[in-house]
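S.K.: Build me a model:
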Amino acid sequence: MGLTSRARDEKAHRLASDAVTWFDREAALCEFQDARLGERFRMLLKQIGGDIGQSIPMVCQDWANTKAAYRFFSNERVSEADILSGHFKSTRERIAAAKGPILVLHDTTEFTYQRERPDLIGMIKRIPKSNSRRLDGKPQTYTTCGILMHSSLAVTLEGLPLGLSAVKFWTRKKFRGVAALRREVNLTRIPIETKESIRWLENLKQSTELFEKPSQCIHIGDREADIYELFCAAQEVGTHFLVRTCVNRLAGDGDHTVATIMDEVVVKGLHRIEVQDSKGNPDQAVLEIRYRKIRILPPIGKQSRYPALTLTVIHADERGAPKNRKKIEWKLLTDLPVQSRGDAIEKLEWYSLRWKIEVFHKILKSGCRAEDSQLRTAQRLTNLISVFCIVSWRIFWMTMLNRSAPNASPEFVLTKAEIQLLDRLVKDKNPASTQRKTLSHYLIKIARLGGYLARANDPPPGNLIMWRGLSRFIDIATGATTLTQKCG
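M.R.: Residues are numbered from 1 along each chain as shown. Below you'll find the predicted structure:
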């Protein structure tokens, strides 16, 4: 049915007003089948974003709103695609406004649940039972239920998350595991379309569609992304990739492998990086950099379907044997040009940003507490997690914005009413200062509401502090708005 003309007018008026909020902007471009679903989604985004980590009854406050939320998440006309459609469009706008290359970080995570009816959700993995073994001595296991999510996050070279570009959810009717499958079939000969790995290709293509210039986009993944079909798909759509490789493929004319070629490559330079050991203590590592452009062949069973590709292999191996941490050994594969030591180091720095999508997943689980939900079916849970995805991005975005663009205008993130409230609520540490109040100034105030001390040598506030501060600030802002309305 879509939006009625009246609903469109109300939405346009809301976006044109001075009091436009972040959830207005993220929800404005959604197209639900019914305008009422769009309004309910906007309200839920506001409620969940305003009380991060709380249960649905807690954020809704009364039975009428709670019941409406349950109905929304179980509605057959609502899907994760509908919920995230507006956010994807907003991501496209932020990408268009950004300059330079954009990194699209890909990763898979899982949400586990305990249910009396696990079949209503699906299976994901086997977990060993504590202090329980079979007759042959091997530990007994049980299959746990849950949902898997493959997400793609667009970030700038400074690490600022611009938004999600693609998300895929799925469950399994049964779980066998890779080891069991390998005993029966050669996984490299199975068509990619019949494997769960197809999600990498689907997200790559969907993410690339958000770019006016696909060549601006570099897709980054860990060893799970070392998929030959993924490399071919990237070339088909005109985009780029940088992945950590784990497969020793045939190279050249097929009479040797990538590993044998790289063993002959001399060290092209050294690179010193700052790291932490297992106890969190600062440390340094010296990496030996090697790289070479190599003609790489597809798997033997798929050589009639896919062409050989000329790609660049980058190896970064740490000198010596470090204490209290694992030795750094990175093997990267890319279609980007690497012609010098500086180019190779640049690609290593880009790949090092991959961990940011793991931070995003941590916010989903620890901040929004996505695994604490008691919803009973996979459909309801995926719809709820989709809302959490938008809220988690918002927290991550504000945290990183304080670091990447501290001198921006505060109105880039906050409304005028929110700025005025923060000025009254959190006193300036130096009231006599005549310097212009920047975005960082107000984000620090929000962080102080979450327990940040803002001492001279303190590092910038992290995601935990930001979501605590945001939750408290939104509660206070809601109370202030209610009081103003009652008092006129």
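
S.K.: and the longest strand for the chain?
M.R.: strand 139-155 (DSSP state E).

S.K.: Remind me what that one packs against, helices and strands.
M.R.: Counting contacts by 3 or more C-beta pairs under 8 Å, 6 or more residues apart in numbering; DSSP states H and E, strand 139-155 packs against helix 80-97, strand 102-113, strand 123-133, strand 161-170, helix 198-208, helix 355-362, helix 378-404. The C-beta positions use only the backbone N, C-alpha and C, and glycine is treated the same way.

S.K.: Determine which of those approaches Met43 most closely.
M.R.: Of all the helices and strands packed on strand 139-155, it is helix 378-404 that lies closest to Met43, at 11.1 Å by C-beta to C-beta.

S.K.: Between the helices and strands packed on strand 139-155, which one is closest to Gln47.
M.R.: helix 378-404 (9.7 Å).

S.K.: mind checking how far that closest one is from the chain centre?
M.R.: Distance, stretch centre to chain centre, for helix 378-404: 8 Å (C-alpha atoms, centre = their mean, to the nearest Å).

S.K.: Which helix or strand lies directly C-terminal to it?
M.R.: Following helix 378-404 in sequence order, the next helix or strand is helix 416-425 (DSSP states H and E).

S.K.: Can you list the low-confidence ranges for the stretch 151-300 of the chain?
M.R.: Applying pLDDT under 70 to the stretch 151-300 of the chain flags the ranges 174-189.

S.K.: Which stretches in it count as strands?
M.R.: 161-170, 217-221, 240-244, 250-251, 256-257, 269-276, 282-296 (DSSP state E, counting those that start in this stretch).

S.K.: CSV for these, including mean neighbour count and distance to Leu148?
M.R.: Shown next, in CSV, are the strands of the stretch 151-300 of the chain (neighbours: other C-beta atoms under 10 Å; distance: least, C-beta to C-beta, whole Å):
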stretch, mean neighbour count, distance to Leu148
strand 161-170, 23, 6
strand 217-221, 25, 16
strand 240-244, 22, 20
strand 250-251, 20, 31
strand 256-257, 15, 32
strand 269-276, 12, 30
strand 282-296, 16, 29
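
S.K.: Save those as TSV, and put in distance to Leu425 too.
M.R.: Below are those laid out as TSV (distance: least, C-beta to C-beta, whole Å):
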stretch	distance to Leu425
strand 161-170	27
strand 217-221	40
strand 240-244	44
strand 250-251	62
strand 256-257	63
strand 269-276	36
strand 282-296	36
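
S.K.: do you know which of these lies nearest Asp428?
M.R.: Of those, the one closest to Asp428 (C-beta to C-beta) turns out to be strand 161-170, at 28.8 Å.

S.K.: give me the low-pLDDT residue ranges for the stretch 351-488 of the chain?
M.R.: The stretch 351-488 of the chain contains residues with pLDDT under 70 at 432, 485-488.

S.K.: what are the pairing partners of the longest strand of the chain, and which direction each?
M.R.: Sheet pairing for strand 139-155, assigned by DSSP bridges, gives strand 102-113 (antiparallel), strand 123-133 (antiparallel), strand 161-170 (antiparallel).

S.K.: Just the CA trace of the last one, in CSV.
M.R.: So that's strand 161-170. What follows is strand 161-170, C-alpha atoms only, in CSV (Å, rounded to 0.1, in the frame of the first residue of the first chain):
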residue,chain,number,x,y,z
PRO,A,161,31.3,4.2,10.3
LEU,A,162,29.0,5.7,7.7
GLY,A,163,26.4,3.0,8.1
LEU,A,164,25.5,-0.6,7.2
SER,A,165,25.4,-1.3,3.5
ALA,A,166,24.0,-4.9,3.6
VAL,A,167,22.8,-7.4,6.2
LYS,A,168,21.8,-11.0,5.7
PHE,A,169,20.1,-13.2,8.4
TRP,A,170,19.7,-17.0,8.2
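
S.K.: And it, how far out from the chain middle?
M.R.: Distance of strand 161-170 from the chain centroid (C-alpha atoms, centre = their mean) equals 6 Å.

S.K.: got the angle between that strand and strand 217-221?
M.R.: Strand 161-170 runs at 50 degrees relative to strand 217-221, counting by axes from the mean of the first three to the mean of the last three C-alpha atoms, to 10 degrees.

S.K.: Likewise for the second one?
M.R.: Here strand 123-133 runs at 20 degrees with respect to strand 217-221, directions being taken by the same axes, to 10 degrees.

S.K.: Isn't Arg172 up against Met123?
M.R.: Yes: applying C-beta atoms under 8 Å, one finds Arg172 in contact with Met123, separated by 4.8 Å.

S.K.: Now tabulate the helices and strands packed on strand 139-155 in JSON lines and tack on distance to Trp467.
M.R.: Listed next are the helices and strands packed on strand 139-155 as JSON lines, based on distance: least, C-beta to C-beta, whole Å:
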{"stretch": "helix 80-97", "distance to Trp467": "18"}
{"stretch": "strand 102-113", "distance to Trp467": "18"}
{"stretch": "strand 123-133", "distance to Trp467": "26"}
{"stretch": "strand 161-170", "distance to Trp467": "14"}
{"stretch": "helix 198-208", "distance to Trp467": "26"}
{"stretch": "helix 355-362", "distance to Trp467": "11"}
{"stretch": "helix 378-404", "distance to Trp467": "5"}
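
S.K.: Select, out of the ones you listed, the one closest to Pro337.
M.R.: strand 102-113 (16.6 Å).

S.K.: pLDDT of that closest one, averaged?
M.R.: The average of the pLDDT scores along strand 102-113 is 96.

S.K.: Alpha carbons only: can I get that strand in PDB?
M.R.: Extracted C-alpha coordinates of strand 102-113, given in PDB (Å, rounded to 0.1, in the frame of the first residue of the first chain):
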ATOM      1  CA  ILE A 102      35.500   3.800   1.400                       C
ATOM      2  CA  LEU A 103      36.200   0.500   3.200                       C
ATOM      3  CA  VAL A 104      33.300  -2.000   3.400                       C
ATOM      4  CA  LEU A 105      34.000  -4.400   6.300                       C
ATOM      5  CA  HIS A 106      32.400  -7.800   6.100                       C
ATOM      6  CA  ASP A 107      31.900 -10.300   9.000                       C
ATOM      7  CA  THR A 108      29.600 -12.900  10.300                       C
ATOM      8  CA  THR A 109      28.300 -13.200  13.900                       C
ATOM      9  CA  GLU A 110      25.800 -15.400  15.700                       C
ATOM     10  CA  PHE A 111      23.100 -14.800  18.300                       C
ATOM     11  CA  THR A 112      22.500 -17.700  20.600                       C
ATOM     12  CA  TYR A 113      19.300 -18.300  22.600                       C
END
